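**Student:** A structural model of the following input is requested.
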Amino acid sequence: MKRYEFTLAAVLRARQAQEKVALAQLMLARQMEAEAAKTLSDSQAHYGSAATGGGGEGFLAERERWELAGQAVSLAGKAETEAQAGVASALDRYLAAARAVSVVEHLDDRRREEHAAAVQHEEANLVDELVTSRYARARAGRPAWPGANGGQEAGQ
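**Tutor:** Below is the predicted model:
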């Protein structure tokens with residue numbers, strides 16, 4: 001029997017490549033989420049320091065600085081929310097790609113097992129044929145295999 005060859009090997013390689021890309025995108029999205037969280041934290045800290053005021057500045061300048069700091073916190077919060085949504089989306093894509101790889105790998109495993117069973121069955125049939133032919137020759141008074149009588153054939 002010929003050697004096992006998975007006919008969907010190219011599909012498996014493509015799916016594995018897609019999984020690697022999805023994993024890289026997930027890692028990038030998580031990095032962006034961490035950066036957005038740090039930016040939000042920094043913005044909140046700056047907002048807290050802006051609220052204490054600079055002392056000698058005028059009321060309007062202090063109010064404007066406080067409003068700008070508040071807008072920065074709001075924008076950083078939105079950026080963090082978007083980054084979290086990006087992580088969720090990237091995670092979904094990665095899990096879908098991982099499932100697709102798993103399905104093809106499972107199919108490969110099944111085909112490999114079927115091939116091994118077919119090889120085993122073929123070998124068993126070959127052994128059965130050998131044993132049957134030897135038995136038939138022995139019953140007919142001939143040696144079970146050539147040369148079994150020391151080179152003398154039955155009937156000589």
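
**Student:** and the residue nearest to Leu8 when sequence neighbours are not counted, what does it touch?
**Tutor:** The shortest distance from Leu8 to any non-neighbouring residue, by Cβ to Cβ, 6 or more residues apart in numbering, is to Val104 (6.0 Å). C-betas here are computed from N, CA, C, even on glycine. Residues near Val104 by Cβ atoms under 8 Å, 6 or more residues apart in numbering: 8, 11-12, 15.

**Student:** Can you tell me which of these is nearest Val87?
**Tutor:** Arg15 (22.4 Å; Cβ to Cβ).

**Student:** wait, that closest one sits on Ala100?
**Tutor:** Yes. Taking contacts as Cβ atoms under 8 Å, Arg15 lies within contact range of Ala100: 4.9 Å.

**Student:** so which helix or strand takes in Ser102?
**Tutor:** helix 59-139 (DSSP states H and E).

**Student:** Check what pLDDT Gly150 gets.
**Tutor:** On pLDDT, Gly150 comes in at 56.

**Student:** Give me the phi and psi for Ala45.
**Tutor:** phi -70, psi -40 (degrees, to the nearest 10).
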